[in-house]
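1. Attaching a predicted model along with its sequence, questions to come.
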Amino acid sequence: MHGCEASLFSSVGGHSGCRRRTWPENQIFHLDMNDLADRIECRLRDADRLRRPRWRYRQLSINIPPRPLNAGHSRRKGNFMDRAILVTWYDLVDAQKAAHLDWLHGEHLPALAAVNGHAWVAHYEITGGSPEFMERNAKNIDHTTDASIPSGAQFILMIGASSPWTFVHDTASSRPEQRPAAEQARIGERLRGRTAIFIDEERYNGPDASVTTRGGAPGPAIQFGCYSMPNVESEFGLIEFYALRRGPMMARYPGCIGMRKLVAVAGHARHGVLYEFISLDARAQFEAEEYRDHDRKRSSHAATVNRTIHLPGSPSIGRRIWPPVA
């Protein structure tokens, strides 16, 4: 690109059917592929209508993916600045909880949110599901027997970024031992903490995708599963389950903001799945579908779902406590 600015499109003549988009030279930016396809189609329509096919496109070194055939199953449009998530599970002792959360929400998390490269920061308190849900999960879901894996299950702290590599360059989130002594002391109050970094495998919008938080943080209530599979065969079965059953279902499930199927690039488990809901009550309605998918008599995917080996406390169900829910 030459000069002070580079334009995605350049034209001959005075007509401009679509608004021209420019970016400063050398600025890193991210393009939504569907949005890019819309812009190209708009230019082509204008040229055809005016019989002035004189638009000249600069060669693009990117591939435009095909549009999803079913809008209800489409991938989430919009912000792809958060395709990577750093997640920390941990506990606090009751005597230190109030002071720690005051520091965390008043100083530490706002500072993390301001770090260059962080798309958002969110903090959740784990509340758990209904007694029936917890009882059935204890029967249907296997958990790891590896005692070396930390078992923190009271809070989840998540940071979104465009790439897992962002966290490598960010000492604020990935290397707390290099932080000031006072900050290290506060972080040292966390017990049984474990950390993982995930990246998107696929996303789905739910019917309530319009319920958004400033900065793009996940919804007011979540369910976060973190697990591995016992063999390669079950890995392929898992892809089928999310692509054919769970993803399309969440695209139309009332109260669902969205679903993110994740894979781990670092951590104790290989897979993750993050469900976002408008409230804990809306998430509670989702429990019936969970029962169905684990029932071998009602679900063809039960054999796969029942092979998951979860980390301690998974799936984690909680409410967002920072940023505060409006």
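-> Nice, I can see it.
2. which residues touch residue 122?
-> When contacts are counted by Cβ atoms under 8 Å, 6 or more residues apart in numbering, residue 122 is found next to 157, 158, 160, 213, 217, 218, 320, 322, 323. C-beta: built from backbone N, CA, C; applies to glycine.
3. which of those residues has the most neighbours?
-> Of the contacts of residue 122, residue 218 is surrounded by the most neighbours, 25 neighbours in total, counting by other Cβ atoms under 10 Å.
4. Nearest residue to that one in space, ignoring adjacent ones along the chain?
-> Using Cβ to Cβ, 6 or more residues apart in numbering and skipping residues adjacent in sequence, the residue nearest residue 218 is residue 276, 4.9 Å away.
5. Out of the contacts of residue 122, which two sit at the greatest distance?
-> 157 and 213 (15.5 Å; Cβ to Cβ).
6. In the sheet, which residues pair with the spatially most central residue of the chain? Tell me.
-> Note on the chain: the residue nearest the mean C-alpha position is residue 260, at 5.1 Å, using Cα atoms, centre = their mean. When bridges are assigned using DSSP bridges, the partners listed for residue 260 are residue 203, residue 274.
7. Point out where this protein drops to low pLDDT.
-> In the predicted model, the chain carries pLDDT under 70 at residues 1-39, 41-80, 171-174, 176.
8. And it, split by domain according to the record?
-> As assigned by automatic domain parsing, the chain contains the domains 5-67, 84-322.
9. Pick the most deeply packed of these.
-> Ranked by mean neighbour count under mean count of other Cβ atoms under 10 Å, those are led by domain 84-322, which reaches a mean of 17.
10. how near is residue 296 to residue 315?
-> For residue 296, the distance to residue 315 under the criterion Cβ to Cβ, to the nearest Å works out to 20 Å.
11. I meant residue 201, not that one.
-> According to Cβ to Cβ, residue 201 and residue 315 sit 17 Å apart.
12. quick check, distance from the helix or strand hosting residue 289 to the centre of its chain.
-> Remark: residue 289 resides in helix 287-294, with elements defined by DSSP states H and E. In terms of Cα atoms, centre = their mean, to the nearest Å, the gap separating the centre of helix 287-294 from the centre of its chain is 22 Å.
13. Same question for stretch 254-274.
-> Centre-to-centre, stretch 254-274 and its host chain are 7 Å apart (Cα atoms, centre = their mean).
14. Which strands or helices does the helix holding residue 289 pack on?
-> In terms of contacts (3 or more Cβ pairs under 8 Å, 6 or more residues apart in numbering; DSSP states H and E), helix 287-294 is packed against helix 131-140, helix 302-305.
15. Surely residue 298 is in a strand?
-> No - judged by DSSP: H, G, I helix; E, B strand; the rest coil, residue 298 forms no part of a strand; its state is coil.
16. separation between the residue nearest to it when sequence neighbours are not counted and residue 208?
-> In this structure, residue 298 finds its nearest non-sequential neighbour in residue 292, 5.2 Å apart by Cβ to Cβ, 6+ apart. Residue 292 sits 21 Å away from residue 208, taking Cβ to Cβ as the criterion.
17. Now for residue 105: which residues touch it?
-> Applying Cβ under 8 Å, 6+ apart to residue 105 gives the contacts 123, 321, 322.
18. among those, which are in strands?
-> When these are checked against strands (DSSP state E), the matches are 123, 321, 322.
19. want to throw the residues you listed into JSON lines with distance to residue 245?
-> Listed next are the ones in strands among the contacts of residue 105 as JSON lines, based on distance: Cβ to Cβ, whole Å:
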{"residue": "123", "distance to residue 245": "31"}
{"residue": "321", "distance to residue 245": "32"}
{"residue": "322", "distance to residue 245": "33"}
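20. unless I'm mixing things up, residue 204 is touching residue 251, no?
-> Yes - using Cβ atoms under 8 Å, residue 204 makes contact with residue 251 at a distance of 4.9 Å.
21. which residues of this structure fall in strands?
-> With DSSP E as the criterion, the chain has strands spanning 5-7, 9-10, 22-24, 56-57, 84-91, 118-126, 142-143, 155-161, 191-205, 221-228, 256-266, 271-277, 309-310, 316-322.
22. how about residue 114, phi and psi?
-> For residue 114, the backbone dihedrals are phi -90, psi -10 (criterion: degrees, to the nearest 10).
23. going forward can the numbers begin at 805, since that is how I track them
-> In the new count, where the first residue is 805, that last one comes out as residue 918.
24. how close does it sit to residue 968?
-> Between residue 918 and residue 968 the computed distance is 20 Å (Cβ to Cβ).
25. Repeat that for residue 1054.
-> Here the criterion is Cβ to Cβ. By it, residue 1054 lies 24 Å from residue 968.
26. Could you do residue 996 as well?
-> Going from residue 996 to residue 968 by Cβ to Cβ gives 24 Å.
27. try residue 999
-> Relative to residue 968, residue 999 is positioned 12 Å away (criterion: Cβ to Cβ).
28. want to throw the strands of the chain into CSV with distance to residue 1044?
-> Rendered in CSV, the data for these read as follows (distance: least, Cβ to Cβ, whole Å):
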stretch, distance to residue 1044
strand 809-811, 43
strand 813-814, 40
strand 826-828, 40
strand 860-861, 39
strand 888-895, 24
strand 922-930, 30
strand 946-947, 20
strand 959-965, 28
strand 995-1009, 13
strand 1025-1032, 16
strand 1060-1070, 12
strand 1075-1081, 14
strand 1113-1114, 18
strand 1120-1126, 25
